[in-house]
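need a 3D model of the following:
(chains A and B)
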Amino acid sequence: NAGVTQTPKFRVLKTGQSMTLLCAQDMNHEYMYWYRQDPGMGLRLIHYSVGEGTTAKGEVPDGYNVSRLKKQNFLLGLESAAPSQTSVYFCASRPGGIYEQYFGPGTRLTVT
Amino acid sequence: KQEVTQIPAALSVPEGENLVLNCSFTDSAIYNLQWFRQDPGKGLTSLLLIQSSQREQTSGRLNASLDKSSGRSTLYIAASQPGDSATYLCALLESQAGTALIFGKGTTLSVSS
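All right, here's what the predicted structure looks like:
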């Protein structure tokens, strides 16, 4: 049982490049989330999903897109990276009936 | 809009001390509150989850309490150890629907030997 995994762990992008971050969970959780963590700002919600095929915007969705084609995977896309998107990105999941959230190890993204 | 505040932002204590970390929130209509630990450069590890109907939860040397009416939660760490050094985050869920946790900015704890 790997829990919540994130790929890649580190990435450096140039401004304007695109990339996709992958989150996978093997706990059959209904809900999945993408957060970003910045110094002095805490964790902020980007997008979330309440089930396969559904997505919704969080607090800071601009510049990001998401997809949840399979229940176990939640993808976060950056179509045209900007330096303001330099951050640590965390994925989390939780079951529908019990509300403890489980977090992945994070992806450290730098946009130059 | 719900806001979660953790004070102090940083705390240094000698090994063996009992300590309390504070978390306050502005709207008492919460569903549950969760305490996390984050080591430098790592992800978040869940420590304790308190449902809104509960007053406290205990795990080993950790005890978390919840007082919704006053908008406060505390995390009590008994007999602190250097291995407890980390950032502690509290986060709350406002409803059982799919909306996500609202986080405080954390308290960074340093326990010296």
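
drop to CA atoms for contacts and neighbour counts, all remaining ones
Noted.

center of chain A - which residue?
A:W34 (3.1 Å; C-alpha atoms, centre = their mean).

ok, the host helix or strand of A:C91: who's next to it in the sheet?
A:C91 belongs to strand A:87-94 when assigned by DSSP states H and E. Sheet pairing of strand A:87-94 (DSSP bridges) gives strand A:31-38 (antiparallel), strand A:102-103 (antiparallel), strand A:107-111 (antiparallel).

CA atoms only for the helix or strand that the longest one is followed by - export them in CSV, please.
With elements assigned by DSSP H and E, the helix or strand that comes after strand A:31-38 is strand A:42-49. Output for strand A:42-49, consisting of C-alpha atoms alone and laid out as CSV, is shown next (Å, rounded to 0.1, in the frame of the first residue of the first chain):
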residue,chain,number,x,y,z
GLY,A,42,0.6,28.3,4.1
LEU,A,43,-1.1,25.7,2.0
ARG,A,44,-3.7,26.9,-0.4
LEU,A,45,-6.1,24.8,-2.4
ILE,A,46,-5.8,24.9,-6.2
HIS,A,47,-8.3,22.4,-7.5
TYR,A,48,-10.1,19.4,-6.1
SER,A,49,-12.2,16.4,-7.2
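
how about the following helix or strand past strand A:42-49, does it reach chain B?
Next helix or strand after strand A:42-49 toward the C-terminus (DSSP H and E): strand A:56-57. No. In terms of C-alpha under 8 Å from any C-alpha of the partner chain, no part of strand A:56-57 sits within range of chain B; the closest distance is 9.1 Å.

relative to strand A:56-57, what are the paired strands and their orientations?
strand A:42-49 (antiparallel).

now do the strand it pairs with, average pLDDT.
Averaging the model's pLDDT scores along strand A:42-49 yields 93.

show residues contacting that strand.
Here strand A:42-49 makes contact (C-alpha atoms under 8 Å, 6 or more residues apart in numbering or on different chains) with A:30-37, A:55-61, A:64-66, A:68, B:98-100, B:102-106.

name the element the residue lying farthest from the centre of chain A belongs to?
Centroid-distance maximum for chain A: A:G97 at 21.7 Å, with C-alpha atoms, centre = their mean. In the assignment (DSSP H and E), A:G97 maps to no helix and no strand.
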